[in-house]
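1. no sequence on hand, only this structure:
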């Protein structure tokens, strides 16, 4: 795969830890009752590592991803992305670090219906104010990488469910993040399509060294990760 001019090598491993948190706490309130979700947990993701987080519905898995990804502020604790403290930054700095170092894939693809596949994938780079020609070149490269080189000009409504999710993965990877956070990435897919997405994730991890932190109820997907952790009573326990 060719490098995009002006961008660092994919999977740069100069920092061994790409994502870490220490003493992470988060609670929500139901009326006057405090409901603890994260109870001072620690986690470290190494460069190139694949980690799954499993747990019952409502255990806080999505909350954990949102806090690690800079989308939801913790009540206490620290989150470090590439050695930088995410929650000691201002909102602008935090958004820039998210754009540069983290990718996000959700159960629903969140592609913009009015834009083509290549436009959707290029969007994070355009937001970064990269030259549009370079942004579209990178988007085309990543769509080819996930097997959608023949669907560049198709809009989400013209793509199958599996194709939409592959486009969402390409969008997450186009910024060459150190770590991709995935929330039930195969949850809306049939068994065969889910298997293809899982195989693609493993290939991307092996070929490019990107780390994956995956929240999933799918035991097959969790079993393909190098570590499986269960979120139970606000803490992460090895499975």
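-> Great, that's in hand. These figures come from a predicted structure and were not determined experimentally.
2. okay, CA-based contacts and neighbour counts for the rest of this
-> Will do.
3. please pull up the helix or strand immediately following the helix or strand of the chain with the lowest mean pLDDT.
-> Ranked by mean pLDDT, DSSP states H and E, the weakest helix or strand in the chain is helix 191-208, scoring a mean of 85. Counting by DSSP states H and E, the next helix or strand C-terminal to helix 191-208 is strand 211-215.
4. list the buried residues of the helix or strand following that following strand.
-> Counting by DSSP H and E, the next helix or strand C-terminal to strand 211-215 is helix 219-223. By 16 or more other Cα atoms under 10 Å, the buried positions in helix 219-223 come out as 221-222.
5. tell me the contacts of the residue of the chain most remote from its centre?
-> Within the chain, residue 32 marks the point farthest from the mean C-alpha position, 33.7 Å out by Cα atoms, centre = their mean. Counting by Cα atoms under 8 Å, 6 or more residues apart in numbering, residue 32 touches no other residue.
6. which residue is nearest the middle of this structure?
-> Closest to where the C-alpha atoms of the chain average out (Cα atoms, centre = their mean) is residue 181, at 2.4 Å.
7. tell me the angle the least confident helix or strand of the chain makes with strand 211-215.
-> Relative orientation of helix 191-208 and strand 211-215, computed by axes from the mean of the first three to the mean of the last three Cα atoms, to 10 degrees: 150 degrees.
8. got the contact list for helix 191-208?
-> Residues outside helix 191-208 that contact it (Cα under 8 Å, 6+ apart) are 10-11, 48, 50, 146, 162, 166, 186, 210-212, 221, 224.
9. try 10 Å
-> 1, 9-12, 48-50, 145-147, 160-163, 165-166, 169, 173, 176, 185-189, 209-212, 218, 220-222, 224-225 (Cα atoms under 10 Å, 6 or more residues apart in numbering).
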